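Build the 3D model from these lines:
(one chain, ligands or ions: 2)
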Amino acid sequence: MARIFSGIQPSGQLHIGNYLGALRNWVREQNDDALYCVVDLHALTEDVDPAEVRRGSLELAVGLLAVGLDPEVCTIFVQSHVPEHARLSWLLECTVTYGELTRMTQFKDKSKRGDVVRGGLLTYPVLMAADIFLYNTEVVPVGDDQRQHMELTRVLAERFNNRFGETFVVPEAMVPTFAARVMDLQDPTRKMSKSELSPQGTVNMYDDADTVARKVRRAVTDTDGEVRWDREGKPGVANLLEILAALGDEDPKAVAERYETYGALKDDVAGALIEALAPIRARRDELLEDPAVVRALLARGADRAGEMASVTYARAAAAMGLLAP
Ligand code: ATP
Ligand code: LTN
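Numbers count the residues shown, from 1 in each chain. Ligands and ions are numbered 1, 2, ... in the order given. Now for the predicted structure:
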């Protein structure tokens, strides 16, 4: 069984892009060698309210359980509970170059948005690499937007191994074929995102049925009127087709053939989303009634993760010449 690791930030609300691009695959791939992490340190790279981060971390852990991760099968934990993430990140910062970091498109996009650009936003992908290396990860299930970060991660592993001796496993990204980049329903040229404020263009995981139906009905399409899967030429329609295809494990081209009108397509997209999200919302409501259970489970997850992480960190520190304590 391959060692699997992935992470998600506790900033903002979970949306169907997170679900189709990442979480659904986390659930499918979970095994007792899989670790899933609430990356709270990554959330600090943008302007955040401390109370929101705290609340968001627990709520996100609840969300991971609600989508179907089973803590008896995989390990679920919070990044800051395992101090080796930040410690290994520093070692790796001393191997990455400034040019490599400033070339990252996510850094370029996000640094344009705010009025200050903090160091953590620049070094964000290095912390992500540390997350991955600590557990000798082989496979990282992520959405399409993380491809560039994964490429840098592989470069850092190879560079470290060449310079300091075989230390890290070189990981592979696992990106779904369809719905790996779910687009904003109001602006289908932009990815659906937690941090971009586009409430009408974003279907949140816990939206009720009426809200989901309204957002899908108002989704931007085009004036051509033909249902066809064409990501470049018809991004709005292609996005709806991919959402429906992913939910039914089908090919979007085959799905397109079944529809004559945008209206019928939208009805079915809304229906499929409502059906998929309802049980998740119900489980989340149940879990929120007893947060102490979730916290206990996160503590157990951090213990398990910490044991592995300390071994890899010690190996990397020794390889770079740090004197053992
Ligand atoms: P941000 O708004 O800060 O970019 P986000 O919504 O991308 O946040 P993350 O925590 O960064 O959320 O990502 C969690 C996982 O969800 C990642 O694997 C990411 O690739 C995936 N993901 C995020 N947005 C989408 C999307 N629109 N379509 C498909 N996958 C996505
Ligand atoms: N950068 C990722 C979140 C993330 C991650 C990771 C994903 C942080 N550490 C390790 C996979 C593996 C994002 O989705 N924005």
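
CA only for contacts and neighbour counts going forward, please
Noted.

residues from the stretch 101-250 of the chain in reach of ligand 1?
Residues of the stretch 101-250 of the chain lying close to ligand 1 (CA under 6 Å from any ligand atom) are 142-146, 179-183, 191-196.

cutoff 5 Å now
By CA under 5 Å from any ligand atom, the residues of the stretch 101-250 of the chain that approach ligand 1 are 142-143, 180-182, 191-195.

most surrounded residue in those residues?
With neighbours taken as other CA atoms under 10 Å, the top of these is residue 182, carrying 28 neighbours.

Need the nearest residue in space to that residue, chain neighbours excluded.
Nearest non-adjacent residue to residue 182, counting by CA to CA, 6 or more residues apart in numbering: residue 17, 5.0 Å away.

Name the residue of the stretch 51-200 of the chain with the shortest distance to ligand 2.
At 3.8 Å from ligand 2, residue 128 is the closest residue in the stretch 51-200 of the chain, using CA to the nearest ligand atom.

And residue 34, how far from ligand 1?
Counting by CA to the nearest ligand atom, to the nearest Å, the gap from residue 34 to ligand 1 is 15 Å.

touching ligand 2 at all, stretch 148-159?
No: with CA under 5 Å from any ligand atom as the criterion, ligand 2 is not reached by stretch 148-159; the gap is at least 7.3 Å.

Could I get the CA-only coordinates of that stretch as CSV?
This file holds the C-alpha atoms of stretch 148-159, laid out as CSV (Å, rounded to 0.1, in the frame of the first residue of the first chain):
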residue,chain,number,x,y,z
GLN,A,148,3.3,23.4,-9.5
HIS,A,149,3.8,23.1,-5.7
MET,A,150,4.2,19.3,-6.1
GLU,A,151,6.8,19.8,-8.8
LEU,A,152,8.8,22.0,-6.5
THR,A,153,8.4,19.5,-3.8
ARG,A,154,9.9,16.8,-6.0
VAL,A,155,12.8,19.1,-6.9
LEU,A,156,13.5,19.8,-3.2
ALA,A,157,13.5,16.1,-2.4
GLU,A,158,15.9,15.2,-5.2
ARG,A,159,18.2,18.1,-4.4
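
Need the contact partners of it.
If you take CA atoms under 8 Å, 6 or more residues apart in numbering as the criterion, stretch 148-159 is touched by 92, 95-96, 100, 104-105, 125-126, 128-129, 133, 168-173.

what's the offset of the helix or strand that contains residue 125 from the middle of its chain?
Per DSSP states H and E, residue 125 falls inside helix 119-133. Relative to its parent chain, helix 119-133 has a centroid offset of 14 Å by CA atoms, centre = their mean, to the nearest Å.

right, is whatever helix or strand comes next after that helix up against ligand 2?
Per DSSP H and E, the first helix or strand lying C-terminal to helix 119-133 is strand 139-141. No: Strand 139-141 lies out of reach of ligand 2 by CA under 5 Å from any ligand atom, never closer than 5.9 Å.

what's the offset of strand 139-141 from the middle of its chain?
Going by CA atoms, centre = their mean, where strand 139-141 is centred and where its chain is centred differ by 11 Å.

picking up where we left off before, can you tell me the helix or strand for the residue nearest to residue 182?
In this structure, residue 17 sits in helix 16-18 according to DSSP H and E.

Just the residues contacting that helix, thanks.
Outside helix 16-18, the residues that touch it by CA under 8 Å, 6+ apart are 143, 179-183, 192-193, 202-205.

And ligand 2, is it touching that?
No: Helix 16-18 does not reach ligand 2 (CA under 5 Å from any ligand atom); its nearest approach is 8.5 Å.
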